[in-house]
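In: can you look at this prediction? I've put the sequence above it.
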Amino acid sequence: MKQLAFFILLSIIVLLPAQVSAEGSESYLIYASEAEIGAIKAAYPSVTEEFEELPIVELALTDDEKNALQAEFRTAEIYPNREYTVTSDVVPSTYQSVKATPQHTAPYTGKGVRVAVLDTGIATDHPDLKLAGGVCTAAVCADGIPYDDNEGHGTHVAGIIAAQKNNKGIIGIAPGVELYAIKTMNNRGAGSTTQVAKGVEWAIQNDIDILNMSISIKIDDRPLEMMLKRAYDEGMIIVSAAGNEGWEVKPSTVTYPGKYSTVIAVGGLDGEWKREANSSYGPEVEISAPGQLVYSTYPTGLDIWDDKQDGYRRLTGTSMAAPHVSAIMAIYKEQYPGLANTKYREMIKQTALDIGKTGRDDETGQGIVQYEKNIKNFVFPKATVNKGHIQIDLHNKNNASGWTMTENGTALQETAPGKWDVYKTKGTYKFEVNYLDAAGKTVRDAVTLTVEEPAFPDLTMSSWFAPHISYLYSNNMIGGYTDGTFKPRQSITRAEAMIILGRAQGLDGTQRDTAFSDVGANNKASGYIQSAREQGLIAGFPDGTFKPYQSVTRAEMALLIHSTYRFNVDEEAPNPFTDVHSNMASYEAIRGLTQAGITQGTTAETFGPYDFMNRYTFSVFLARSENPMLIGK
């Protein structure tokens, strides 16, 4: 108990100064004489807290204010108002050596990445582990939940990856992953080819992203090899212990499945970053990680190996090294989504810290695995997905040239050098980024990304206008109806148009009384309508009304859009529309929008100025006005 209390004291973490609500300001504590404190309080009314025992006040100050205060009160001592947090989650010491402590990896936790531990199962009642599901393919499954762990090994592996941040026990490297148990081994830690291969098959069928296999056999097992190749070809990352046969004397002591080319074989290191005595060695060792006396979770009922039955213990072996790599892979997969498993595999090699002999060696592979938040030199497509907006940047593009990106063989236009922005509805999309590396070799990187929203059932990418709606949606300018639909072909009212345009322009949408007799404070659009009037964007009708529920015509929308965005108009250009005349109030607006490519006519010779707009045509008008890159889509 004394040790635990001592750790809690030590685990108070000092973070950066706490941010306050004032833009550009931070919270500071000012210590000065009683007289000076009085003067400071009079000069700076933003005092938020003061102390009774010491002449100290808390102030929110910008950099300029801080400098001015120090210049005026030279003897005052100014300190940042630091933020403290207390946690009893132990960070195992091995995480520091792979640069994967929570401080290193934040804000990434492996969120959304599906990781399975193929092993003896995972203790389903352990308070530090949260399982998303699992399966038992072993000859004998556990009572109750079949994939429960009645041996202990799998639970220890799982904790290194995903022990929860919950103020108890330890924290895993990637506590945000979706953790699955694949119980293929019995309570003696043994399983057959069929049982292990069935476990891998389950992982394939359940879209597991990363499969950790801290198991070994000395004999080449062709059926298992074929199943692992199938999983690898499906895009799965497969990590395995290299084996604990380091005492043998032969060219390679690496065991299967680590020996297979589709599997990342992980060697174990001792506390001095040397090969742990029993860790297997050979050309198949790809990378190494800590494997000696690693502290992790253990089934409480089986925890009889130390002086306290608390559900935690230390174990040694390459079984403990492998999950360090699996967890770091999960962090990378969250941070850099959509890449091929081969790219992540290359990523951990590129970021490894070379130890032992210079370059790759049979003892430690590429070296000790390291998490690097900012990966240097290594070129890869870095993607983000946010509410329908896919952005792909070619990371470290200074080491590449001649890049292009295609979707289904069609080249996509860059929004900046080595950067592409695409707008999609819900679905999974595949892209290919091609470039020449520093050596002039052609590289083809596949990127597969899933978009969760917008998820309107009546809007898919088969509609040509879908990217425009997704653009507005991703920028919080437009939404759907309470029934989940978008109703793209429904006519749009003047009030609806003002809400969407007001959001796009950042107008004050606070509901209030307006200058129009038919728009009261109870109208959801009232704030945007009044703000637009105050800025001269709208005037209403001669009778003092706005007619908020009247459908918008194409001419009215042209006027509204043009008054907001002010497109250049070529007065010398011929007017192609027979239904648009110079005596119309919307004449210049229609010419401006059509010349800018924002819209076309309803035919080659007519604009249809009095036709009503629907929600998708309005979305196209507005999205193209906001983002010219959408013109032509």
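Out: Yes, it's here.
In: contacts only, for L131.
Out: Residues counted as contacts of L131 (Cβ atoms under 8 Å, 6 or more residues apart in numbering) are 122, 124, 179-181. Any C-beta I mention is one placed from the backbone N, CA and C, and that applies to glycine too.
In: nearest residue to it other than its sequence neighbours?
Out: With Cβ to Cβ, 6 or more residues apart in numbering as the measure, L179 is the residue that lies nearest to L131, at 5.4 Å, once sequence neighbours are left out.
In: for that neighbour, grab the count of nearby residues.
Out: 27 (other Cβ atoms under 10 Å).
In: ok, now T48?
Out: In terms of burial, T48 registers 11 neighbours under the definition other Cβ under 10 Å.
In: so what does it have for phi and psi?
Out: Comment: the main-chain dihedrals of T48 come out as phi -110, psi -20, following degrees, to the nearest 10.
In: thought L61 was touching it, still the case?
Out: No - counting by Cβ atoms under 8 Å, T48 does not reach L61; the two are 11.0 Å apart.
In: and the strands in the stretch 101-250 of the chain, which stretches?
Out: 114-119, 131-136, 178-183, 210-213, 237-241 (DSSP state E, counting those that start in this stretch).
In: can I get the ones you listed in TSV with distance to T253 and mean pLDDT?
Out: Supplementary listing: those in TSV, determined by distance: least, Cβ to Cβ, whole Å; pLDDT from 0 to 100:
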stretch	distance to T253	mean pLDDT
strand 114-119	21	97
strand 131-136	31	97
strand 178-183	26	97
strand 210-213	17	97
strand 237-241	12	97
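In: can you redo those strands as a markdown table with distance to E556?
Out: Conversion of these to a markdown table gives the following (distance: least, Cβ to Cβ, whole Å):
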| stretch | distance to E556 |
| --- | --- |
| strand 114-119 | 50 |
| strand 131-136 | 52 |
| strand 178-183 | 50 |
| strand 210-213 | 55 |
| strand 237-241 | 55 |
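In: any buried residues in the host helix or strand of I561, and which?
Out: Taking DSSP states H and E as the definition, one finds I561 inside helix 554-565. Buried residues in helix 554-565, counted by 16 or more other Cβ atoms under 10 Å: 554-562, 564-565.
In: and it, what does it pack onto?
Out: Judged by 3 or more Cβ pairs under 8 Å, 6 or more residues apart in numbering; DSSP states H and E, helix 554-565 is in contact with helix 494-505, helix 587-595, helix 615-626.
In: please identify the most buried of those.
Out: helix 615-626 (a mean of 23; mean count of other Cβ atoms under 10 Å).
In: for that helix, report the contacting residues that lie outside it.
Out: Against helix 615-626 from outside (Cβ under 8 Å, 6+ apart): 463, 465, 467-469, 471-472, 475, 477-478, 486-492, 496-497, 500-501, 504, 552, 554, 557-558, 561, 564-565, 593, 597-599, 613, 630-631.
In: recalculate using a threshold of 6 Å.
Out: If you take Cβ atoms under 6 Å, 6 or more residues apart in numbering as the criterion, helix 615-626 is touched by 465, 468-469, 471-472, 488, 490, 492, 504, 557, 561, 565, 598-599, 630-631.
In: domain ranges for the protein?
Out: Recorded structural domains for the chain (assignment: automatic domain parsing) are 2-85, 93-351, 380-451, 466-630.
In: so which of those domains gets nearest L459?
Out: Put simply, out of the domains of the chain the one that sits nearest L459 is domain 466-630, at 4.8 Å, with distance taken as Cβ to Cβ.
In: count the residues that sit near A539.
Out: Each residue near A539 was counted by other Cβ under 10 Å, and the total is 12.
In: for it, give me the pLDDT.
Out: With respect to pLDDT, A539 has a value of 85.
In: coming back round to it: which one of the helices and strands packed on helix 554-565 lies closest to F541?
Out: Of all these, the one in closest proximity to F541, counting by Cβ to Cβ, is helix 494-505 (10.3 Å).
In: after the closest one comes which helix or strand?
Out: Toward the C-terminal end, the helix or strand that comes next after helix 494-505 (DSSP H and E) is helix 526-534.
In: so which bits of that following helix are buried?
Out: Of the residues in helix 526-534, those scored as buried under the neighbour-count criterion (16+ other Cβ under 10 Å) are 526-533.
In: can you redo these as a markdown table with pLDDT?
Out: What follows is the buried residues of helix 526-534, written out as a markdown table (pLDDT from 0 to 100):
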| residue | pLDDT |
| --- | --- |
| S526 | 95 |
| G527 | 94 |
| Y528 | 93 |
| I529 | 93 |
| Q530 | 94 |
| S531 | 93 |
| A532 | 90 |
| R533 | 92 |
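In: tabulate the CA atom coordinates of the lengthiest helix in the chain in PDB.
Out: The helix spanning the most residues in the chain, taking DSSP state H as the definition, is helix 318-335. Extracted as PDB, the C-alpha positions of helix 318-335 are listed here (Å, rounded to 0.1, in the frame of the first residue of the first chain):
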ATOM      1  CA  THR A 318       8.800 -12.000 -27.100                       C
ATOM      2  CA  SER A 319       5.100 -12.400 -26.400                       C
ATOM      3  CA  MET A 320       5.300  -9.200 -24.400                       C
ATOM      4  CA  ALA A 321       7.400  -7.400 -27.000                       C
ATOM      5  CA  ALA A 322       4.900  -8.000 -29.900                       C
ATOM      6  CA  PRO A 323       2.000  -6.100 -28.300                       C
ATOM      7  CA  HIS A 324       4.200  -3.000 -28.000                       C
ATOM      8  CA  VAL A 325       4.400  -3.000 -31.800                       C
ATOM      9  CA  SER A 326       0.800  -3.800 -32.300                       C
ATOM     10  CA  ALA A 327      -0.200  -0.900 -30.100                       C
ATOM     11  CA  ILE A 328       2.100   1.600 -31.900                       C
ATOM     12  CA  MET A 329       0.700   0.400 -35.200                       C
ATOM     13  CA  ALA A 330      -2.800   1.200 -33.900                       C
ATOM     14  CA  ILE A 331      -1.700   4.700 -33.000                       C
ATOM     15  CA  TYR A 332      -0.200   5.200 -36.500                       C
ATOM     16  CA  LYS A 333      -3.400   3.800 -38.100                       C
ATOM     17  CA  GLU A 334      -5.600   6.300 -36.200                       C
ATOM     18  CA  GLN A 335      -3.200   9.200 -36.900                       C
END
